[in-house]
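> sharing a sequence plus its predicted fold:
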Amino acid sequence: MLKVASPLATLFSALSIVVLARQAFNLGFAVPFTRILDFFEKSLRPLEWAEPYLSHMAQWAGWNLQLQPHWRPILVLTCLYFGTVTKVIWPKFKSRKERSLILVLTAWGGLIAIGSSIAAGAIALNDTRSNVVMVVFPLLGFVLYQLAWAAFLATIGAQESWSIRYRAAVRLFVGPGTLAVIVVALALCAFARKVPLLMALHNPGLTLLCVLILLLAIYWLWTGVEGAVYYHKPQDKSWWQAFRSMNWWESWRVLSNTRIGLSMFKCIGGAVLFVLFGAGLDF
């Protein structure tokens, strides 16, 4: 079952990235590839059954909710990201308490995915301001999930106090570097019409989401390198010396961070190949 589910998840993630890229860059595709994307988007149409109910709930709360098409691929991507985390860490934590906490974390990720994708999909991407607002919701969902993951690690840990473990995990998962990237992304989106390289973008918000997916994959691979190097670093050597020794390579390959990053790169690689073989700019 898992042997079938894993390639399907990778395929759905890759095609979701392609759908977002098509809207972001106004890409056109050769007929066979267009049919593949059309079939994929039809496979997401069962999600349409939820749209009237969501609209009614929003109206009851005093909001006029009209979901845009980009909410569905965002939902698929966020769900598959959180699902990848669960798949990677599940075999490593085997006690009843740990498995129960993983299920809670997964459920929380599902709620965040639904909430952030609906909030992003409620924004019609008409101008710079709407693009910025749309990007905020997936980024906020990511931060909330990372904070929950930090709480999970702090709860199962045994060293020092929970608050100390939680602060250490937050620095790892939502550190200054991560927050800086988020701030820069939002700033670029806000001033896209004034930045020469971004002025020609068809949709800066979705473009930056695609870029951030790539940066997130790189982030996980790099944190895997950091952890593996520190694990193998002798006290009398610097981090750089331990890195150049390459003793960390075998450990790096099996770390959870690395496996999450590699899973994401499989999806990104599939999307890039799809675009290279089937896409052309639609002027």
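Arrived safely.
> residue ranges for the strands of this protein, please.
Ranges of strands within the chain are 27-29, 279-281, based on DSSP state E.
> lowest average confidence across those, which one?
Lowest mean pLDDT of the strands of the chain: strand 279-281, a mean of 53.
> name the spans of the stretch 51-200 of the chain whose pLDDT lies under the cut-off.
Low-confidence segments of the stretch 51-200 of the chain, defined by pLDDT under 70: 51-64, 197-200.
> so which residues of the chain form helices?
2-25, 31-43, 50-60, 71-89, 96-121, 128-156, 162-173, 176-190, 204-232, 239-245, 249-254, 256-278 (DSSP state H).
> residues of the first one that come out buried?
Judged by neighbour count using 16 or more other C-beta atoms under 10 Å, the buried positions of helix 2-25 are 9-10, 12-25. (C-beta placed from N, C-alpha, C; glycine too.)
> now, which of these sits nearest Leu215?
Ile17 (13.4 Å; C-beta to C-beta).
> skip the chain neighbours and tell me the closest residue to that closest one.
The shortest distance from Ile17 to any non-neighbouring residue, by C-beta to C-beta, 6 or more residues apart in numbering, is to Ala271 (3.9 Å).
> over to Met264?
In space, Met264 is closest to Ala217, 3.7 Å off (C-beta to C-beta, 6+ apart).
> how near is that neighbour to Ile268?
6 Å (C-beta to C-beta, to the nearest Å).
> coming back round to it: nearest to Val211, of the buried residues of helix 2-25?
Closest to Val211, out of all of the buried residues of helix 2-25 and judged by C-beta to C-beta, is Ala24, at 9.5 Å.
> from Arg171, how far off is the nearest residue to the closest one once chain neighbours are set aside?
Distance criterion C-beta to C-beta, 6+ apart; nearest residue to Ala24, sequence neighbours excluded, is Leu206 at 3.7 Å. For Leu206, the distance to Arg171 (C-beta to C-beta) stands at 30 Å.
> so the two - more neighbours on which side?
Between Leu206 and Arg171, counting by other C-beta atoms under 10 Å, Leu206 is the more crowded of the two (26 against 13).
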